[in-house]
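J.: I'd like to go over a predicted model; first the sequence, then the structure.
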Protein chains: 2
Amino acid sequence: MSKNIQNALISVYDKSKLKSLLKSLSKHKIKFISSGGTYKKIISLGYKCTEVSRFTKSKEILDGRVKTLHPKIYAGILSRKNKKSHMDELKKNNFEKIEFVIVNFYPFEKTLKETNNHQKIIEKIDIGGPALVRAAAKNYQDVTVLTSTDQYNDLIEELNKNNGTTSLEFRMKMSLDAFTETGCYDSLISNYFNKKSKTFFPKKKLFYTNLIEKLRYGENPHQNGALYSFDKYCGINQLQGKKLSYNNYNDIFSAISISRSLPKNVGTTIVKHANPCGVSINKNKIKSFELALKSDPISAYGGIVSCNFRIDKKMAKELNKIFLEVVIGIGISKEALNEFKMKKNLRVIDSSKFKIENFENINSSNNNMLIQSSDFKNISRKDFKVVSKIKPSKKGFKNLIFAFNVCRFVKSNAIVIVKEDSTVGIGSGQPSRLDSCKIAIKKMQNFQKDLYKSEIIAASDAFFPFTDGPETLAQSGVTTIVQPFGSIRDKEIIKYANKVGMILVYSKTRHFKH
Amino acid sequence: MSKNIQNALISVYDKSKLKSLLKSLSKHKIKFISSGGTYKKIISLGYKCTEVSRFTKSKEILDGRVKTLHPKIYAGILSRKNKKSHMDELKKNNFEKIEFVIVNFYPFEKTLKETNNHQKIIEKIDIGGPALVRAAAKNYQDVTVLTSTDQYNDLIEELNKNNGTTSLEFRMKMSLDAFTETGCYDSLISNYFNKKSKTFFPKKKLFYTNLIEKLRYGENPHQNGALYSFDKYCGINQLQGKKLSYNNYNDIFSAISISRSLPKNVGTTIVKHANPCGVSINKNKIKSFELALKSDPISAYGGIVSCNFRIDKKMAKELNKIFLEVVIGIGISKEALNEFKMKKNLRVIDSSKFKIENFENINSSNNNMLIQSSDFKNISRKDFKVVSKIKPSKKGFKNLIFAFNVCRFVKSNAIVIVKEDSTVGIGSGQPSRLDSCKIAIKKMQNFQKDLYKSEIIAASDAFFPFTDGPETLAQSGVTTIVQPFGSIRDKEIIKYANKVGMILVYSKTRHFKH
């Protein structure tokens, strides 16, 4: 680029930081073309500016709907400097080259927050802006396109470094951002329309996510990994400790999901390898941790503890007694944080701002993607039906709901054994349901020494295909089974339960999780 | 809409089906405006057509870069019929309303296939087309926008039904498709630029996937589910049987991934709940199935069998002997298919066209997404290091590579025990590595009666944190352990291996899979 006078077409919704940008552009003898609110702002900041209608010599029509959609503007943007024919045509038509296009759109997310009125939403869709941006981005060899105020400082630096021009590399980077911006903008519109027309699974599903953090690596060191969010913030506030890894995040999401499904302000969840290994909702918070830990103290080693409450000093002292990778609270008191400082590697997370929402769940494999609505459900009394002769007590029902709820979060086939309001055995990830039963029973037998005459509840994420599972559970002291129905042997299992005096409760929903 | 003469602006890359569309439009007295190749095509089909430059009274400039970017076109598209001021302005400027915008773009995927030349790729980016489409889509209350030849028949029907006009509902649906189309188009450009600049994790990650099939439900009946693909085809060709479910697909993807990691044309994999429960690479195909089945015949019940070869009649007969949900082959012979017909519910899949590619892996939770490069790796001799005094034989090395390879596909913590070229015990999905060892050993003891003096290999997906795992394995007859290194107790484990005369081999890579 030469040091001739250059033109910048400016049309920005976000007028912040405009002052410093204009100052820099002006210093480098770059002239401004603008209209509407941006024009007024430029004038008010004391700079000269040519109005678009004066530049194109076309009057604004249709309430400003067709301002910049004019050959003079597009010839200015799309013409190639190194093509003599292009430059000749510009001259012949008395057109001018436009070297900078600085545009940002009225954010569509903001529109959606402001109104439900479809007509108003449509009215806010920007047509001129994206067209300008895409044209400039295409011709990045000649044109610098800016689509965000975040880029202003880079441009100012670039202009200073290059005597009022920009490098090809810089322009290419801005071009990439520009196409991403227009793509994201239309993906929001597309998703809005889909939502409005209640199309859950459209023919083409478009989405974009925001980079939250590049991670050291993925699930394993030879894989690259990053955390993205549909939001701008992932809701995980790390207060101390080593950098969170891919696997930490995976475990944390699992742990918080379980925590939030428990009664409010009560409950401790311990997670290892994305599976819970101990959950308890005892109202005594220290005790809830102790009981969760007792469920499988060996697996809890190096695990993740998520408290469904604010962690205070006393709790922190307790947590510090064992080796943990991550501790999560809904708030961490100052004194607790002081305690945690003794273990400087321990990652401490405040999850107060973490939102559990009914998002779609995406499971990708190779170039395929299974998409489903999440298994987002508040489980309550009405989701169950007692089918055995003996009925559970009120307390028993509360406990079996707890058991079944935890079971939803365990990888299939899942069996969760519970005593009162704490897990005492979790069997996960087995191809055979009977094996999951055996694993859960083994845990219970290993770590619980005081089960004599207790009510013991076992929850299964799907139906038992045979009576062998219920039999094995009953023989190990289980007094209540809660499970979905649907097996051709359902009747046999009911019969067996009645024979041995077990309580059998059906859940109306199945909860496979793979 | 009235039955006045209407205008259709037509600019299509894909000129197929144009004939029947023009016939219908013409029947309803709709006039054509076009340019370039589309103009020529319309004329050649015997219809009248106004060239864009004649319509706008502006000469084409810059090699046609700025044809439709003209106020007359955009006023025609963006003006509102029910706004008197708009209609007055059109009249005053001698502009005409444009009621139909029929545009499709040169497919960007096609461009990328045709050339690697960046300049040529950029040249192909359509600026005018998306601008027209977006303007028409915004003003769908007045304008019908078509972006795909797939929509032509619907439009023809709609015009016939509504006496040459379209319903608001139809126009809104077309508008949704239009914004999806422009969003997808720019997502391809954005991804192309990212790839070119080697940006694996951009600030905003934009993607779209194609709906392959809506499923009856998701992982569970109360969840909605669908299969999408980055491709237009998912590579699963179902030849018979019940409709594939969400969980079937999940299992199938897992099964094929394992199959394809095995030596070509050899090997049978049995999957249940997305975990392998038996894998064998015996060259005798029937035997490979028998050995895979023997690994865990109980879990294999209702499982998924994936053969890494073409299934013939003999194999089909063998497979028909047990209850399976899905059978997968790389091709299925006609005779085999005939055999399968006896089990009409059995889902039979030809996976010949399934492509294993190095795609990113997406793991979503709530509104967050962990994205990583896939654990896509061909494992070979050079990925291992022998650290024990006793070294594996050549055959032993082949077998331990097989064991470690299968281990990569088992949910963590994973232990895979192998005899020769078949699994004999798989322990999966446990928070404790020792428990996974015990599960694998238990399977081996249950189902293998002839292990006396055999070479038995155990693979672990990550390092052993303590010596208890290796000890338990050795005591159960395991003669070789293959594992990643990295524990502070690595030396103790080497010492133990040498003490008991075990072979210990380190893998250079870890393979967690959650």
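T.: Great, that's in hand. Numbering: from 1, shown residues only, chains lettered A, B, ... in the order given.

J.: by residue count, tell me the biggest helix in chain A.
T.: Longest helix in chain A, counting residues (DSSP state H): helix A:168-196.

J.: ok, the residue in the stretch 351-500 of chain A that chain B sits nearest to to A:L227 distance?
T.: Taking C-beta to the nearest C-beta, chain B has its nearest neighbour within the stretch 351-500 of chain A at A:G429, 1.8 Å off. C-beta: built from backbone N, CA, C; applies to glycine. As judged by C-beta to C-beta, to the nearest Å, A:G429 and A:L227 stand 24 Å apart.

J.: out of these two, which sits in the more crowded spot?
T.: Set A:G429 next to A:L227 and count neighbours by other C-beta atoms under 10 Å in any protein chain shown: A:G429 wins out with 33 against 24.

J.: and for that one, nearest residue in space, chain neighbours not counted?
T.: Excluding its sequence neighbours, the residue lying closest to A:G429 (C-beta to C-beta, 6 or more residues apart in numbering or on different chains) is B:G429, at 1.8 Å.

J.: ok, the one you found - contacts?
T.: If a contact means C-beta atoms under 8 Å, 6 or more residues apart in numbering or on different chains, then B:G429 has A:273, A:275, A:411, A:428-430, B:275, B:411-414, B:436 as its contacts.

J.: quick check, the residue of the stretch 351-500 of chain A closest to chain B in a strand?
T.: No. Judged by DSSP: H, G, I helix; E, B strand; the rest coil, A:G429 forms no part of a strand; its state is coil.

J.: tell me the pLDDT at it?
T.: As predicted, A:G429 sits at a pLDDT of 94.

J.: how far out from the middle of the chain is stretch A:181-189?
T.: Distance, stretch centre to chain centre, for stretch A:181-189: 18 Å (C-alpha atoms, centre = their mean, to the nearest Å).

J.: correct me, but A:A459 touches A:T480?
T.: No. Using C-beta atoms under 8 Å, A:A459 is not in contact with A:T480, being 9.1 Å away.

J.: who touches both of the two?
T.: Common contact partners of A:A459 and A:T480 (C-beta under 8 Å, 6+ apart): A:L400.

J.: which one's more surrounded, the two?
T.: The neighbour count for A:A459 versus A:T480, taken as other C-beta under 10 Å, is higher for A:A459 (30 against 26).

J.: so that one bridges to which residues?
T.: Listed beta-bridge partners, A:A459: A:V416, A:V482 (assigned using DSSP bridges).

J.: got a pLDDT number for it?
T.: Here the pLDDT value assigned to A:A459 is 98.

J.: how about stretch A:155-171 as CSV, C-alpha atoms only?
T.: Extracted in CSV, the C-alpha atoms of stretch A:155-171 (Å, rounded to 0.1, in the frame of the first residue of the first chain):
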residue,chain,number,x,y,z
LEU,A,155,-4.8,-1.9,14.0
ILE,A,156,-3.4,1.2,15.7
GLU,A,157,-0.1,-0.6,16.4
GLU,A,158,-0.1,-2.0,12.8
LEU,A,159,-0.6,1.4,11.3
ASN,A,160,2.2,2.9,13.4
LYS,A,161,4.5,0.1,12.5
ASN,A,162,3.8,0.2,8.8
ASN,A,163,3.6,4.0,8.2
GLY,A,164,-0.2,4.1,7.9
THR,A,165,-0.8,0.8,6.2
THR,A,166,-1.2,-2.7,7.3
SER,A,167,0.6,-6.0,6.5
LEU,A,168,-0.9,-8.7,4.3
GLU,A,169,-0.7,-11.0,7.3
PHE,A,170,-2.7,-8.7,9.5
ARG,A,171,-5.3,-8.2,6.8
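
J.: which parts of that stretch are buried?
T.: Across stretch A:155-171, burial judged by 16 or more other C-beta atoms under 10 Å in any protein chain shown covers A:155-156, A:158-159, A:164-166, A:170-171.

J.: kindly reformat these as JSON lines containing pLDDT, secondary structure and distance to B:Y506.
T.: Listed next are these as JSON lines, based on pLDDT from 0 to 100; DSSP: H, G, I helix; E, B strand; the rest coil; distance: C-beta to C-beta, whole Å:
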{"residue": "A:L155", "pLDDT": "98", "secondary structure": "helix", "distance to B:Y506": "51"}
{"residue": "A:I156", "pLDDT": "97", "secondary structure": "helix", "distance to B:Y506": "53"}
{"residue": "A:E158", "pLDDT": "97", "secondary structure": "helix", "distance to B:Y506": "49"}
{"residue": "A:L159", "pLDDT": "97", "secondary structure": "helix", "distance to B:Y506": "54"}
{"residue": "A:G164", "pLDDT": "94", "secondary structure": "coil", "distance to B:Y506": "59"}
{"residue": "A:T165", "pLDDT": "95", "secondary structure": "coil", "distance to B:Y506": "55"}
{"residue": "A:T166", "pLDDT": "97", "secondary structure": "coil", "distance to B:Y506": "51"}
{"residue": "A:F170", "pLDDT": "97", "secondary structure": "helix", "distance to B:Y506": "46"}
{"residue": "A:R171", "pLDDT": "97", "secondary structure": "helix", "distance to B:Y506": "49"}
